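Student: Quick one, what's the 3D model for this:
(chains A and B)
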2 protein chains.
Amino acid sequence: MIIDCHGHYTTAPAAHTAWREAQQAAFRAGRATPAYPDIPEDDLRASVEGSQLRLMRERGIDLTVFSPRASAMGHHFGDEAVSRAWTRACNDLIARVVQLYPEHFIGVGQLPQSPGAPIAGSIAELRRCVEDLGFVGVNLNPDPSGGHWTAPPLTDRGWYPLYEVMVELDVPAMVHVSAVTNPNFHATGSHYLNADTTAFMQLLRADLFRDFPDLRFVIPHGGGAVPYHWGRFRGLTDMLGRPPLAEAVMRNVFFDTCVYHQPGIDLLFGVVDVDNILFGSEMVGAVRGIDPQTGHHFDDTRRYVDTLGLSADDRRKVYEANARRVYPRLDAALLRRQAVTT
Amino acid sequence: MIIDCHGHYTTAPAAHTAWREAQQAAFRAGRATPAYPDIPEDDLRASVEGSQLRLMRERGIDLTVFSPRASAMGHHFGDEAVSRAWTRACNDLIARVVQLYPEHFIGVGQLPQSPGAPIAGSIAELRRCVEDLGFVGVNLNPDPSGGHWTAPPLTDRGWYPLYEVMVELDVPAMVHVSAVTNPNFHATGSHYLNADTTAFMQLLRADLFRDFPDLRFVIPHGGGAVPYHWGRFRGLTDMLGRPPLAEAVMRNVFFDTCVYHQPGIDLLFGVVDVDNILFGSEMVGAVRGIDPQTGHHFDDTRRYVDTLGLSADDRRKVYEANARRVYPRLDAALLRRQAVTT
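Tutor: Take a look at the predicted model:
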């Protein structure tokens, strides 16, 4: 089967998005937030059947690891209560979609990471996502400030209580920033890629995985700038007196295949071990157009991976086995499903 | 001939670096800065003969476009007067090295870009660098705050007076950040690469080159994450309704070859037009070790470029002609030298 580890609910119903706007307006005006709307099941079906589900069918993707729209997480906006309410609404909506299409989607949650807010709120939502909603992972924003980078690095001990629960629940985090308010950055054009590179370098420099040998991060967008500069990172590891990447980082860090042209995918597989690469497309996301050079969607990453001519074993790793290993709760869900079917 | 467009004076004499420390200590203590030391010519010779010059000879590099150490620019430190004094000291030192070895080095300056300081100071130093010191370009820091990204984007009109003078003097800028005080970033491991990607996306989104058709930027470190994600940037150009990259950006933007492994260089040349690539190594810089996989220095980028098997014409572009085109004052200096020789 083919699992896409990186899909966001970018086509959520208008009522959901309108409520977020109302919530923001209410916060700005100091008014009470209006009640979250009733969103009929038909609207949920309509929101994915013509987009994600259709494209998954067309591209032969069986299952998408599905999370709230990353650019809309907007942790920088409002306060902890605003972020908590919005986060719960987003995660609940993902849970409803997963319930409607359990064959095709499995949930990953966002966290209510207001800048400066205690980590306890994120831990509570992580538990709710996994224990109540059946999610298999979370998205973790290394810069809840929205492009001002005011939070401590991911390797700071302030994050440790969250990591303890991630390890307890056996769920990984995808490191994923959100929208920016800093005019220097464009969310999908620079901020996302910068955050990927930044996170990798933080992990290279610190002993986080010595403290949490079972903690796992997926760094999306093909690892930002990292594979292209793999020699630089190998060289810096040596210059900084750090243990080799294979030992100290790559047992715990995985890259997806959200790189939107063949030469990029070729490079990724050329330098990064196949055990560390999870198929992903972030389809209906940052880049939705058709590449005039190929006549296919930029984000149809399966084409690039298929072109590599991987061995059957490597292909299975990238498309399925690595995701099942990195997201054990996804594996368990698939095993349960298999048991019911057979 | 082979021109390296990206070299910093990372081995400046101890007295120079000690003066910077004394200057910083004096600023912190509210005392007057001590006088800049006399640095004997022999110390300057010793500082490059065993390092840059030796490596240039070993690697067959004829000429290095030489600028002050990037990580030491430290624009975030102190105030405008501190930055101006340090910048002048650094640029003057480059001018002395160039005077000692005019065959091997040609100068590029740093600018006194204190956060929030008027652009006039940078313009004055740009003029001094070019008109008095004979430099052929400058390094422009898009984030003088040192990792807090508080300056306006490079496309903001606040930078325009500087660009007017760059165009008047016909000198390009290398977009190059400096050290960081934000603990999220590592200077050479993430901040440099992030800045490269950030600058490219700023240029993609705005009409800066419509306003300044002759303005030229070199984006170092192989363009940050850009070539690896070339499909993403082509797709974003389209999604944002921007003109094609070839027209709107790549007439004015150039990448160097500071990518420290063969697959990265292969990708760079696979996706970026050879007219937009300038040979560079940033040798004795971020990554000084030997790659155990090759037995050669990570930053010996000539090996990677030579391995490409470029045509004679393309080879000449990357090693010489593009640099002479992007830095016309370098070209003029070489023509003058030729005229003297013949």
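Student: Do a quick rundown of the helices in the stretch 101-250 of chain A.
Tutor: Secondary structure of the stretch 101-250 of chain A (DSSP state H, counting those that start in this stretch): helices at A:120-127, A:160-169, A:192-205, A:208-211, A:230-239, A:245-248.
Student: give me the low-pLDDT residue ranges for the stretch 151-300 of chain A?
Tutor: Nowhere does the stretch 151-300 of chain A drop to pLDDT under 70.
Student: can you count the residues close to the nearest residue to A:Phe209 once chain neighbours are set aside?
Tutor: Beyond its immediate neighbours in the sequence, the residue positioned closest to A:Phe209 (CB to CB, 6 or more residues apart in numbering or on different chains) is A:Asn252, lying 4.6 Å away. (C-beta placed from N, C-alpha, C; glycine too.) A:Asn252 has 18 neighbouring residues, counting by other CB atoms under 10 Å in any protein chain shown.
Student: re the thing from before, tell me which of the helices of the stretch 101-250 of chain A is the most buried.
Tutor: Among the helices of the stretch 101-250 of chain A, ranked by average contacts under mean count of other CB atoms under 10 Å in any protein chain shown, first place goes to helix A:192-205 (a mean of 27).
Student: Spell out which parts of the stretch 1-150 of chain A neighbour chain B.
Tutor: A:142-143, A:147-149 (CB under 8 Å from any CB of the partner chain).
Student: and with 10 Å instead?
Tutor: Proximity of the stretch 1-150 of chain A to chain B is confined to A:142-143, A:147-150 under the rule CB under 10 Å from any CB of the partner chain.
Student: What mean pLDDT does the helix or strand encompassing A:Ala26 get?
Tutor: Secondary-structure element containing A:Ala26, defined by DSSP states H and E: helix A:14-29. For helix A:14-29, the mean pLDDT works out to 98.
Student: Dump the residues of the stretch 1-150 of chain A next to chain B to JSON lines, plus pLDDT.
Tutor: Conversion of the residues of the stretch 1-150 of chain A next to chain B to JSON lines gives the following (pLDDT from 0 to 100):
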{"residue": "A:Pro142", "pLDDT": "98"}
{"residue": "A:Asp143", "pLDDT": "98"}
{"residue": "A:Gly147", "pLDDT": "98"}
{"residue": "A:His148", "pLDDT": "98"}
{"residue": "A:Trp149", "pLDDT": "98"}
{"residue": "A:Thr150", "pLDDT": "97"}
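Student: Show me which of the residues you listed is closest to chain B.
Tutor: Within the set of the residues of the stretch 1-150 of chain A next to chain B, A:Trp149 lies nearest chain B; the separation is 4.7 Å, counting by CB to the nearest CB.
Student: Who's the closest spatial neighbour of the closest one, skipping the chain neighbours?
Tutor: The shortest distance from A:Trp149 to any residue other than its chain neighbours is 4.7 Å, reached at B:Asn184 (CB to CB, 6+ apart).
Student: quick one on the thing from earlier: may I ask which of the residues of the stretch 1-150 of chain A next to chain B has the most neighbours?
Tutor: Result: A:Asp143 is most packed of those (other CB under 10 Å), 27 neighbours.
Student: from memory it sits against A:Gln202, does it?
Tutor: No. The pair formed by A:Asp143 and A:Gln202 falls short of the contact definition of CB atoms under 10 Å, at 11.4 Å.
Student: Next, the contact list for the residue in the stretch 101-250 of chain A positioned nearest to chain B, please.
Tutor: Relative to chain B, the nearest point of the stretch 101-250 of chain A is A:Gly231 (2.8 Å; CB to the nearest CB). Remark: with contacts taken as CB atoms under 10 Å, 6 or more residues apart in numbering or on different chains, A:Gly231 is in contact with A:271, B:259-265, B:287, B:291, B:293-294, B:298-299, B:301, B:304.
Student: Quick one: mark the members of the residues you listed that sit in helices.
Tutor: A:271, B:262-265, B:301, B:304 (DSSP state H).
Student: quick revisit: for B:Phe77, find the nearest of the helices of the stretch 101-250 of chain A.
Tutor: Go through the helices of the stretch 101-250 of chain A one by one with CB to CB and the one that ends up closest to B:Phe77 is helix A:192-205, at 22.3 Å.
Student: angle of that closest one against helix B:230-239?
Tutor: Orientation of helix A:192-205 against helix B:230-239 (axes from the mean of the first three to the mean of the last three CA atoms, to 10 degrees) gives an angle of 150 degrees.
Student: residues bridging contact with A:Asp143 and A:Gln202, i.e. touching both?
Tutor: Common neighbours of A:Asp143 and A:Gln202, counting by CB under 10 Å, 6+ apart, are A:154, A:175, B:184.
Student: which of those lies closest to A:Ala312?
Tutor: Taking CB to CB as the measure, A:Val175 is the one of those closest to A:Ala312, at 30.4 Å.
Student: any idea which residue sits dead centre in chain A?
Tutor: Centre of chain A computed as the mean C-alpha position; nearest residue by CA atoms, centre = their mean is A:Met174, 4.1 Å away.
Student: Can you tell me the closest non-neighbouring residue to that one?
Tutor: A:Val218 (4.4 Å).
Student: wait, what's in contact with the one you found?
Tutor: By CB under 10 Å, 6+ apart, A:Val218 lies in contact with A:5-6, A:65, A:108, A:137, A:139-140, A:172-176, A:253-256, A:276, A:278, A:280, A:322-323, A:326-327.
Student: quick one: it from A:Val259, how far?
Tutor: Applying CB to CB, to the nearest Å, one obtains 14 Å for the distance of A:Val218 from A:Val259.
Student: Please look at A:Thr237 and A:Phe200 and confirm they touch.
Tutor: No. A:Thr237 lies out of contact with A:Phe200 (CB under 10 Å); the separation is 11.1 Å.
Student: Need the residues touching each of the two.
Tutor: When contacts are counted by CB under 10 Å, 6+ apart, A:Thr237 and A:Phe200 have A:245, A:249, B:189 as shared neighbours.
Student: nearest to B:Ala95, of those residues?
Tutor: Closest approach to B:Ala95 among the shared contacts of A:Thr237 and A:Phe200 (CB to CB): B:Gly189, at 31.0 Å.
Student: Surely the closest one and A:Gly224 touch.
Tutor: No. At 11.5 Å, B:Gly189 and A:Gly224 do not qualify as touching, with contact defined as CB under 10 Å.
Student: Those two - which one has more neighbours?
Tutor: Under the neighbour definition other CB under 10 Å, B:Gly189 and A:Gly224 were set side by side, and A:Gly224 has more, 30 against 27.
Student: and the more buried one, what are its phi and psi?
Tutor: Dihedral pair for A:Gly224: phi 70, psi -120, per degrees, to the nearest 10.
Student: Just list the residues touching A:Arg69, thanks.
Tutor: A:8-12, A:16-17, A:20, A:90, A:94, A:110, A:178-179, A:284-285.
Student: Among the residues you listed, name the buried ones.
Tutor: Of all the contacts of A:Arg69 considered here, the ones buried according to neighbour count by 16 or more other CB atoms under 10 Å in any protein chain shown are A:8-10, A:12, A:16, A:20, A:90, A:94, A:110, A:178-179, A:284-285.
Student: Which single one of those residues is nearest to chain B?
Tutor: Among the buried ones among the contacts of A:Arg69, and counting by CB to the nearest CB, the member closest to chain B is A:Gly285, at 10.5 Å.
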